[in-house]
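Undergrad: Give me coordinates for this.
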Amino acid sequence: MSGHVTATYDGRCARVLLDRPATKNALSGAMLDELIGVVTDLSADDTSDVVVISGAGSDFCTGSDVGDIAAVLAEDAAGRKTIFERGMTTRIHPLMRAIMDLRQVVVASARGHAVGLGAALILAADLTILSDTARLSLPQVALGHTVDHGESYLLPRKVGPARAMQMVLLGQTVPAADAARYGLANFVVDDDALEQRTAEILSALLSGSSTSLRGTKRILAGSFDRDRDAQLAAEVAAVSECAISEDFVAAIDTKIGRRR
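TA: Numbers count the residues shown, from 1 in each chain. Modelled structure (predicted):
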């Protein structure tokens, strides 16, 4: 393993760091395997309720490693097809599914460039905090291929079909302010305030109980796949789960006590 993906745990918060700043956190095959392993471990973790994904250095993640891309170009047509299909079905898509399926609230905290897979990781987050230096781009069309990291699923749901077409077909670099305007970022802050703002958002999230955080994420994330009545039924099931927890009683008692 490369050791360029680290996971640290602090109570109810898990922090995932892409730690290869010399290459702007470009993801090699070894890093992808590490990241898949980290996310797989998180999927079985009942202690953390929030996962923060960030990148070391000045950039979040500039996509796939150039060396891996060069290896693909050295193959003939059949070889290129096989490598793409194998990579997407055994690494990329399993990773993206695993992130989207996490029960924890996923927070992306990013500065600098987020390109291709790097941008897709941000798209997969539940909440996004960007430095004003952040730049998102999906350059696949200009590179001769289609989007391949789940963007075709995530992007229309985040920004709508027209804006998704614009971003993907033109491959435009989207600065942080535009990302917020498009609905791709919840917060944009000065670069030197990124860590502090991230800490504030984490504190606000962790003031909620595990049951309410995970339940709320679950019913909102599945809302596009349910009709109205199924969604209302999901709300009933989720709030019932909260009502039987001691966290619910403690939260209401605290709120009533403050009002008194």
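Undergrad: just for the stretch 151-260 of the chain, where's the confidence low?
TA: Within the stretch 151-260 of the chain, the stretches with pLDDT under 70 are 257-260.
Undergrad: Quick one: the strands in it, in order.
TA: 174-175, 187-189 (DSSP state E, counting those that start in this stretch).
Undergrad: by contact count, what packs against the last one?
TA: Based on contacts counted as 3 or more Cβ pairs under 8 Å, 6 or more residues apart in numbering; DSSP states H and E, the elements that strand 187-189 packs against are strand 127-131, helix 176-182, helix 194-206. C-beta: built from backbone N, CA, C; applies to glycine.
Undergrad: looking only at pLDDT, what's the mean for the shortest one?
TA: In this model, strand 127-131 carries a mean pLDDT of 98.
Undergrad: Could you list the paired strands of that strand along with their orientation?
TA: strand 105-110 (parallel), strand 187-189 (parallel) (DSSP bridges).
Undergrad: Ranking the ones you listed by mean neighbour count, which comes first?
TA: Each of the strands paired with strand 127-131 was scored by mean neighbour count; the highest is strand 105-110, a mean of 25, by mean count of other Cβ atoms under 10 Å.
Undergrad: so it versus helix 194-206, what angle?
TA: Strand 105-110 runs at 170 degrees relative to helix 194-206, counting by axes from the mean of the first three to the mean of the last three Cα atoms, to 10 degrees.
Undergrad: same question for strand 105-110, mean pLDDT?
TA: 98.
Undergrad: and after it, which helix or strand comes next?
TA: The C-terminal neighbour of strand 105-110 among helices and strands, as given by DSSP states H and E, is strand 113-115.
Undergrad: Please list the residues outside the helix or strand just after that following strand that contact it.
TA: Per DSSP H and E, strand 113-115 leads on to helix 117-123 as the next helix or strand towards the C-terminus. With contact meaning Cβ atoms under 8 Å, 6 or more residues apart in numbering, helix 117-123 is reached by 25, 27, 53, 55, 60-64, 92, 96, 99, 108, 110, 114, 128, 136-138, 149-151, 154-155, 158, 184.
Undergrad: Pop the domain breakdown of this structure in here.
TA: 5-206, 210-259 (automatic domain parsing).
Undergrad: what about Ala98, how many neighbours?
TA: By other Cβ atoms under 10 Å, the residues close to Ala98 number 17.
Undergrad: same question but for Ala142, I mixed them up
TA: 11.
Undergrad: any idea how far it lies from Leu169?
TA: 10 Å (Cβ to Cβ, to the nearest Å).
Undergrad: quick one: the strands in the stretch 1-150 of the chain?
TA: 5-10, 13-18, 50-55, 105-110, 113-115, 127-131, 135-137.
Undergrad: most tightly surrounded among the domains of the chain?
TA: domain 5-206 (a mean of 18).
Undergrad: Run the chain-centre distance for that domain.
TA: Between the centre of domain 5-206 and the centre of its chain there are 6 Å (Cα atoms, centre = their mean, to the nearest Å).
Undergrad: can you give me the helices for the stretch 151-260 of the chain?
TA: Using DSSP state H, counting those that start in this stretch, the helices of the stretch 151-260 of the chain run over residues 151-159, 161-170, 176-182, 194-206, 210-221, 228-243, 246-259.
Undergrad: Let me have these in CSV, adding distance to Glu85 as columns.
TA: Output for those, formatted as CSV (distance: least, Cβ to Cβ, whole Å):
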stretch, distance to Glu85
helix 151-159, 16
helix 161-170, 20
helix 176-182, 31
helix 194-206, 37
helix 210-221, 28
helix 228-243, 34
helix 246-259, 45
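Undergrad: Compare these and give me the one nearest Asp132.
TA: For those, the distance to Asp132 is smallest for helix 176-182, at 5.2 Å, taking Cβ to Cβ.
Undergrad: Contacts for the closest one next, please.
TA: Contacts of helix 176-182 (Cβ under 8 Å, 6+ apart): 128, 130-136, 158-159, 163, 167, 174, 185-188.
Undergrad: Done for today, thanks.
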